[in-house]
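give me a model of this one.
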Amino acid sequence: MAASLGSATTVSLRSDSSDNASATITDLDGRSVMLVKVGDGPNRGALTPSDAALLEEAFRSAREQRLPIVTLLSTSGVSVDHGIETVAGWGRAARQLVKCSGVVPILFAACGPVLSGPSLMLGIADITVFTEDAYAFVSGPQMVQSFTGVPVTTEALGGASAHARSSGLASLVVADQEEALHALSAVLFHLPSHVDESAPFVPTQDPIDRLTEIAASTIPDHATGSYNVKDIVTDLVDDGEFLELRSAWAPNLVTGFANLGGHSVGIVANQSQALAGSIDIPASQKGARFVAMCDAFNLPLLTLVDTSGFLPGKDLEWRGMIRHGAQLAFAYARATVPRLSLILRKSYGGAYIVMDSRYMGNDLMLAWPSAEVAVMGAKGAVEILHRNASADERLDLEAEYEAKHLTPYPTAERGSISAVIEPKQTRRELAAGLDLLASKRERLRPRRHDNSPL
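Numbering: from 1, shown residues only. From the prediction side, this is the model:
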């Protein structure tokens, strides 16, 4: 179904003075938005000073009027004919866009080439959709080959699939501009129009106390068996509707929007089908960015935990596993929205803390009876604690360790888990938790900003 753009309420902002850009306040599927279009002009949509001035005014107006920004972008960069004036104008527009961050949702769609400096706007945006024929990069194939000596195609360097799988820039990939508008409207369905509004509430006919039979039967009996965590997600949420973001990038962590008991929520879940659900650098970055966005726009967070920890590796450590892993911890620790977590199976060591534990400020920590909460798995613990034991002795010691430590009940007795629940009752318990936490508010100390470990 195509997105519906209104016409009766449309108000244009100086569109006649711009060569390649237009900005209108219009209706998108019942929501007032600032709709910005860039492209289809001379010189392949290269931004002129008047284009940059229009973007600057549009972003400032959206912030002042508390309107979500929806931008359809296609540009070959800045106009060379106008010299440094255009670069300065683009800089002023980017500054206004940054001022909108965390105030109103910033939703962009790359609908063709998006090159050079203006491509950075895609990185500033909260959500970026790519059409299949779009591509984006700061330095093009010719410059890359000139600098590195390695030839590369436009598609391989910055095509939609490259940004969906490798860079993580593409939140969604769709067929064309019409589908891009529909995708951005679907995202906006879950977001408030601005920071001073609560997350949307949509009454549902899906019973709150519906038994979650599929979720309850999804976890394999074998401790190392894999499963698709999205099967659990769709069974828990209203009408089985889950809008996943960045599905091809860092697939070991699932992120997306859904409704639960009418409440719009952001969902973060370890995916055992990829890297056994362990956390690596891309997963940390993906989760941190998503958690921060939900916190900025008042969306409660639901975290489904099943991970044995951070992925080990020399290359990962050299690339900054500590620094990037801290991003996920930082995002959860500073989040002030209602935060619910459910431990499905494994929750070990540092990953237990990072995946929204009670010690990071979580509001409601639930666990299934299958949950294993410990410093590490039984085999690793026995290898450290009983290095001189024989093979047979180790088997007995591992069984003893599992019985004593790899259950949720000792953790619940210490207050680190709020309750151990029956899997079939999960939807009811989570919905009740969301209702209870709907009025949660935290008073923040005044300060300019914190220093996130980027």
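
give me the element Leu302 is part of.
Under the criterion of DSSP states H and E, Leu302 resides in strand 301-307.

my read: Ile421 touches Trp368, true?
Yes: here Ile421 lies in contact with Trp368, judged by Cβ atoms under 8 Å, at a distance of 6.8 Å. All C-beta spots, glycine's among them, are computed from the backbone N, C-alpha and C.

number of residues surrounding Leu444?
8 (other Cβ atoms under 10 Å).

sec struct for it, please.
Put simply, Leu444 is coil when judged by DSSP: H, G, I helix; E, B strand; the rest coil.

need the contact list for the residue nearest the centre of the chain.
Ranked by distance to the mean C-alpha position of the chain (Cα atoms, centre = their mean), the top residue is Phe290 at 2.9 Å. By Cβ atoms under 8 Å, 6 or more residues apart in numbering, the residues touching Phe290 are Leu245, Thr255, Gly266, Val268.

make a markdown table out of these and add distance to Phe201 and pLDDT.
What follows is those, written out as a markdown table (distance: Cβ to Cβ, whole Å; pLDDT from 0 to 100):
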| residue | distance to Phe201 | pLDDT |
| --- | --- | --- |
| Leu245 | 21 | 98 |
| Thr255 | 21 | 98 |
| Gly266 | 15 | 98 |
| Val268 | 21 | 98 |
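
are any of the residues you listed buried, and which?
Leu245, Thr255, Gly266, Val268 (16 or more other Cβ atoms under 10 Å).

wait, the last one touches Ala250, no?
No: under the criterion of Cβ under 8 Å, Val268 is not in contact with Ala250, lying 11.4 Å apart.

excluding residues flanking it in the chain, which one is nearest Ala136?
Val114 (4.0 Å; Cβ to Cβ, 6 or more residues apart in numbering).

make that Pro203, sorry
Residue nearest to Pro203 in three dimensions, not counting chain neighbours: Gly262, with 5.3 Å by Cβ to Cβ, 6+ apart.

what's near enough to touch that neighbour?
For Gly262, counting by Cβ under 8 Å, 6+ apart, the contacting residues are Phe201, Val202, Pro203, Thr204, Asp238.

between the residues you listed, which is nearest Ala125?
Val202 (24.4 Å; Cβ to Cβ).

per-residue confidence at that closest one?
Predicted confidence (pLDDT) for Val202: 95.

again with Gly349
For Gly349, the predicted pLDDT is 77.

what's around the closest residue to it other than its chain neighbours, how many residues?
Ranked by Cβ to Cβ, 6+ apart and with sequence neighbours excluded, the top spatial neighbour of Gly349 is Gly309, at 4.9 Å. Using other Cβ under 10 Å, Gly309 is surrounded by 21 other residues.

how much space is there between Thr131 and Glu56?
Using Cβ to Cβ, to the nearest Å, we find Thr131 at a distance of 25 Å from Glu56.

typo on my end, Trp90
9 Å.

please say which of the two ends up with more neighbours.
Trp90 (25 against 19).

was I right to think that one contacts Gly117?
Yes: checked against Cβ under 8 Å, the pair Trp90 and Gly117 is within contact range at 5.7 Å.

now do the shared contacts for the two.
Joint contacts of Trp90 and Gly117 (Cβ under 8 Å, 6+ apart) are Val78.

contacting residues around stretch 417-437?
Taking Cβ under 8 Å, 6+ apart as the rule, stretch 417-437 contacts 208-213, 215-216, 219, 235-236, 260-261, 263, 265, 300, 302, 338, 340, 342-343, 358, 363-371, 373, 408-409, 411-412.

rewinding a little: in helices only, show me the contacts of Phe290.
When these are checked against helices using DSSP state H, none is located there.

could you dump the residues you listed into JSON lines and include distance to Ile353?
Output for these, formatted as JSON lines (distance: Cβ to Cβ, whole Å):
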{"residue": "Leu245", "distance to Ile353": "24"}
{"residue": "Thr255", "distance to Ile353": "19"}
{"residue": "Gly266", "distance to Ile353": "20"}
{"residue": "Val268", "distance to Ile353": "15"}
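
which ones among these lie within strands?
Among the contacts of Phe290, DSSP state E puts Leu245, Thr255, Gly266, Val268 in strands.

spell out which helix or strand contains the residue nearest to the second one when sequence neighbours are not counted, please.
Of all residues beyond its chain neighbours, the one nearest Thr255 is Phe290 (4.3 Å), with distances taken as Cβ to Cβ, 6+ apart. Following DSSP H and E, the helix or strand that holds Phe290 is helix 281-296.

what's the spacing between that helix and its chain's center?
5 Å (Cα atoms, centre = their mean, to the nearest Å).

same question for it, mean pLDDT?
pLDDT averaged over helix 281-296 gives 97.

would you put the C-alpha positions of that helix in PDB?
C-alpha atoms of helix 281-296 as PDB (Å, rounded to 0.1, in the frame of the first residue of the first chain):
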ATOM      1  CA  ILE A 281      31.600  -4.400  17.300                       C
ATOM      2  CA  PRO A 282      28.900  -4.000  14.700                       C
ATOM      3  CA  ALA A 283      26.300  -5.400  17.100                       C
ATOM      4  CA  SER A 284      27.400  -3.000  19.800                       C
ATOM      5  CA  GLN A 285      27.100   0.000  17.400                       C
ATOM      6  CA  LYS A 286      23.800  -1.200  16.100                       C
ATOM      7  CA  GLY A 287      22.300  -1.700  19.500                       C
ATOM      8  CA  ALA A 288      23.700   1.600  21.000                       C
ATOM      9  CA  ARG A 289      22.400   3.700  18.100                       C
ATOM     10  CA  PHE A 290      18.900   2.100  18.400                       C
ATOM     11  CA  VAL A 291      18.700   2.300  22.200                       C
ATOM     12  CA  ALA A 292      19.700   6.000  22.000                       C
ATOM     13  CA  MET A 293      17.000   6.800  19.400                       C
ATOM     14  CA  CYS A 294      14.300   5.100  21.500                       C
ATOM     15  CA  ASP A 295      15.400   6.900  24.600                       C
ATOM     16  CA  ALA A 296      15.400  10.200  22.600                       C
END
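
could you give the angle of it to strand 301-307?
Angle, helix 281-296 to strand 301-307, by axes from the mean of the first three to the mean of the last three Cα atoms, to 10 degrees: 160 degrees.

can you give me the strands in the stretch 151-300 of the chain?
172-174, 242-245, 253-260, 263-270 (DSSP state E, counting those that start in this stretch).
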